[in-house]
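S.K.: Kindly return the folded structure for what I paste below:
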Amino acid sequence: MKSMLFAAVAAAVVAAEAAVMPYGTYLVKGTFRGEYNTVLRDFGEAAVRAQRADGTVIAEAVVGDTDAEGVNFLLKIPVSSVPTEKSCKVGETLDCVLWTPEGTLDVPNSLEVDSPVRVGKVTFNCAEVAEYRDPADGSVVDIPVAYIAEAQAFLDAMGEGKAYDPWADYDGDGASNYAEFIAGTIPFDGTDFLRVTGFEAKDGALALRFEHVGGHVYAVSTSDSLAHPEWGRQHVRRGAAETELEQVVAAGEDGAPGETEIFIVPADGAMGGFFRVEAQ
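M.R.: Residues are numbered from 1 along each chain as shown. Have a look, this model is predicted:
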């Protein structure tokens, strides 16, 4: 198994002058994904542990059902001026492992604790993956080999005679094969891609509807201009008056198509701007 780590931004912390006192808590929101990028929901008895190389467990969180933000667990790691048996210090790297009644599994991953009260996000791929480098920016992404094998079998059946390329657009719908993997859509069907189906003022907010694939996670970004867009994350709500969320996980059976409606309340009450839905 291999994983993708989205690290938090570092922040300076002043060392304590006297006794060791906790600076605060380093928070890590975690998600487990399957072979088709859907959030895994049923783990039975399982926990995620942040621990040192010698096995000392600093923090532990039970892995549970996915919540509205597409998160399986929340690790709360105590941070002190110096490492202790029950806390770590800024800059310390901890191993992140998955514990089950059958034993402890290396996810594998590591968490570098940058500062207290800093929310990090980590996504674990619970499947064997292959690495692909994006020719546009050099970044590396992981795609489960089972998914690649299925796509390759389709290419071979079509007589294409080429290897699966995540950066190509086989069906010409404007979304790369990798983007379709993330969204859960079919890379060989030009009519199947992530799309917005409605956008209107409703209940004092902006209601945005889009076609989803069950078990996938979506977020919204906003920009004041399309000429020189600077996209920033826009919090959303399941209902016009409900709690703001960073992202939402699509309801329904995993892999099944459907439609999601979410509500947006733009900053300062403005009822304008440009918005886009993004699969995560």
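
S.K.: so Pro83 touches Lys89, yeah?
M.R.: Yes. Using CB atoms under 8 Å, Pro83 is in contact with Lys89, at 4.9 Å. (C-beta placed from N, C-alpha, C; glycine too.)

S.K.: remind me which residues of the chain are low pLDDT?
M.R.: By pLDDT under 70, the low-scoring segments of the chain are 1-22, 106-108, 267-272.

S.K.: Please parse it into its domains.
M.R.: For the chain, the structural domains run 2-125, 129-183, 196-279, going by automatic domain parsing.

S.K.: out of those domains, which comes closest to Gly190?
M.R.: domain 129-183 (4.1 Å; CB to CB).

S.K.: circling back: now the domains of the chain as CSV including distance to Gly190 and mean neighbour count?
M.R.: Shown next, in CSV, are those (distance: least, CB to CB, whole Å; neighbours: other CB atoms under 10 Å):
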stretch, distance to Gly190, mean neighbour count
domain 2-125, 20, 17
domain 129-183, 4, 15
domain 196-279, 15, 15
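
S.K.: Let's have those domains in CSV, adding distance to Asp189.
M.R.: Output for those, formatted as CSV (distance: least, CB to CB, whole Å):
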stretch, distance to Asp189
domain 2-125, 15
domain 129-183, 6
domain 196-279, 11
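
S.K.: what's Val140 in contact with, if anything?
M.R.: Neighbour list for Val140: Glu131, Tyr132, Arg133, Asp134 [criterion: CB atoms under 8 Å, 6 or more residues apart in numbering].

S.K.: ok, 7 Å please
M.R.: Glu131, Arg133 (CB atoms under 7 Å, 6 or more residues apart in numbering).
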